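S.K.: output the structure for:
(chains A and B)
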Number of protein chains: 2
Amino acid sequence: MTGPGEAAAVEAANAELYAALEAGDLDRMEAVWDDDDPAALVCIHPGWSMLRGRGQVLRSWAAIMAGTSYIQFVLTDVAVSFPGEGVALVSCQENILTSLEELGQAPRAVTCNLFRRDAAGRWRLRAHVASPVLEPGENDEDDAAGEAGG
Amino acid sequence: MTGPGEAAAVEAANAELYAALEAGDLDRMEAVWDDDDPAALVCIHPGWSMLRGRGQVLRSWAAIMAGTSYIQFVLTDVAVSFPGEGVALVSCQENILTSLEELGQAPRAVTCNLFRRDAAGRWRLRAHVASPVLEPGENDEDDAAGEAGG
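M.R.: Have a look, this model is predicted:
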């Protein structure tokens, strides 16, 4: 149930989140998010406070779409894992190209997207947490290792 | 299996993450994190790049402990949900009190912690994603709703 085929399906569901935003298509965005337990949805945009519940979450995407004339995501370092049956976690780095400065977004965010497989077998988004990368460099791993000191 | 009792157990596991850090106790921190699938662990500290794998994740906590003389977390707005059997998501706001400026942390972060129930019935941490809150105010929900414009 959680073989390579499932991982590919999860990656496709993850890509659809960004494609829906790039297309400014709220209907597609609504389809991305789980509707089994509306109150359980969680969304954290880079630098924002927490948003909870399907209504609040989808309104935030509508607001972002309304305020964005151009946005494109290049996803790197994408990894899929399955913490349980029918649950998948995607972690990735978002490299964000936009024509707007007023979003206040960092050009890079690191993100976890949590998906649940619904009764129809589709992977639906339960939680999106994007954290802005505020470090100047790419050597974070070296920094952490170097300071650990046993 | 996912009744109020389980939610309380998950909340306790979540609290132990912060208690271990406050105590500067790496052994407790190691016990918090899942060891079933070491490569699958994901950790994002506020403003940092992504860390993956048990070794890299635990080294980062060791580095934070080594560089922190005092840190305390007040968790607010804690919510627990169960996206699947044996999987729990905790979302909360971290209000961070520290004596150090050089961590570069925002005083508030919004966080999702993903737990898996292990064979012994303990809730173990699979992913920690903390995103710094960069907004000045508390009116994010109003902002999002106000800009949505249908």
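
S.K.: so which strand or helix has A:Ala109?
M.R.: Per DSSP states H and E, A:Ala109 falls inside strand A:108-117.

S.K.: A:Asp36 now?
M.R.: Under DSSP H and E, no helix or strand contains A:Asp36.

S.K.: which is the succeeding secondary structure element to the longest helix along chain A?
M.R.: Assignment by DSSP state H gives helix A:4-23 as the longest helix of chain A. Moving toward the C-terminus from helix A:4-23, the next helix or strand (DSSP H and E) is helix A:26-32.

S.K.: and that following helix, what does it pack onto?
M.R.: helix A:4-23, helix A:54-66 (3 or more C-beta pairs under 8 Å, 6 or more residues apart in numbering or on different chains; DSSP states H and E). (Glycine included, C-beta is placed from N, CA and C.)

S.K.: returning to that earlier point: could you pull up the mean pLDDT of the longest helix of chain A?
M.R.: For helix A:4-23, the mean per-residue pLDDT is 96.

S.K.: does anything pack onto it? Which helices or strands?
M.R.: So helix A:4-23, by 3+ C-beta pairs under 8 Å, 6+ apart, packs with helix A:26-32, helix A:54-66, strand A:71-84, strand A:87-98, strand A:108-117, strand A:123-132.

S.K.: just how off-centre is that helix within its chain?
M.R.: 10 Å (C-alpha atoms, centre = their mean, to the nearest Å).

S.K.: give the buried residues for that helix.
M.R.: Using 16 or more other C-beta atoms under 10 Å in any protein chain shown as the test for burial, helix A:4-23 gives A:6-7, A:9-11, A:13-14, A:16-18, A:20-21.

S.K.: same thing with stretch A:73-93?
M.R.: For stretch A:73-93, by 16+ other C-beta under 10 Å, it's A:73, A:75, A:79-84, A:86-93.

S.K.: cool, stretch A:115-130 as well?
M.R.: Neighbour counts using 16+ other C-beta under 10 Å place A:115-117, A:123-130 of stretch A:115-130 among the buried residues.

S.K.: now do the end-to-end distance for it.
M.R.: 15 Å (C-alpha to C-alpha, to the nearest Å).

S.K.: contacts only, for the closest residue to A:Ala13 other than its chain neighbours.
M.R.: Sequence neighbours aside, A:Trp123 is the residue nearest to A:Ala13 in space, at 3.9 Å (criterion: C-beta to C-beta, 6 or more residues apart in numbering or on different chains). By C-beta atoms under 8 Å, 6 or more residues apart in numbering or on different chains, the contact set of A:Trp123 is A:9-10, A:12-13, A:88, A:115-117.

S.K.: got any ranges where chain A has weak pLDDT?
M.R.: Scanning chain A for pLDDT under 70 picks out the ranges A:1-3, A:99-106, A:136-150.

S.K.: ok, now with 90
M.R.: A:1-5, A:68-70, A:97-107, A:135-150 (pLDDT under 90).

S.K.: what about the residue nearest to A:Leu97 when sequence neighbours are not counted, neighbour count?
M.R.: Of all residues beyond its chain neighbours, the one nearest A:Leu97 is A:Gln72 (4.4 Å), with distances taken as C-beta to C-beta, 6+ apart. A:Gln72 has 12 neighbouring residues, counting by other C-beta atoms under 10 Å in any protein chain shown.

S.K.: which ones are touching A:Gln72?
M.R.: By C-beta under 8 Å, 6+ apart, the neighbours of A:Gln72 are A:22, A:96-98.

S.K.: for it, give its distance to A:Asn14.
M.R.: Using C-beta to C-beta, to the nearest Å, we find A:Gln72 at a distance of 16 Å from A:Asn14.

S.K.: go on, A:Cys92?
M.R.: A:Cys92 is 7 Å from A:Asn14, by C-beta to C-beta.

S.K.: joint contacts of these two?
M.R.: What both A:Cys92 and A:Asn14 touch, as defined by C-beta under 8 Å, 6+ apart, is the set A:75, A:78, A:113.

S.K.: just give the nearest non-adjacent residue to A:Trp61, would you?
M.R.: Nearest to A:Trp61 is A:Met29, by C-beta to C-beta, 6+ apart, at 5.0 Å.

S.K.: greatest separation within the buried residues of helix A:4-23: which pair is it?
M.R.: A:Glu6 and A:Leu21 (23.9 Å; C-beta to C-beta).

S.K.: before we move on, the earlier item: in JSON lines: the helices and strands packed on helix A:4-23, plus distance to B:Pro46.
M.R.: Formatted as JSON lines, the helices and strands packed on helix A:4-23 follow (distance: least, C-beta to C-beta, whole Å):
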{"stretch": "helix A:26-32", "distance to B:Pro46": "26"}
{"stretch": "helix A:54-66", "distance to B:Pro46": "20"}
{"stretch": "strand A:71-84", "distance to B:Pro46": "19"}
{"stretch": "strand A:87-98", "distance to B:Pro46": "16"}
{"stretch": "strand A:108-117", "distance to B:Pro46": "11"}
{"stretch": "strand A:123-132", "distance to B:Pro46": "7"}
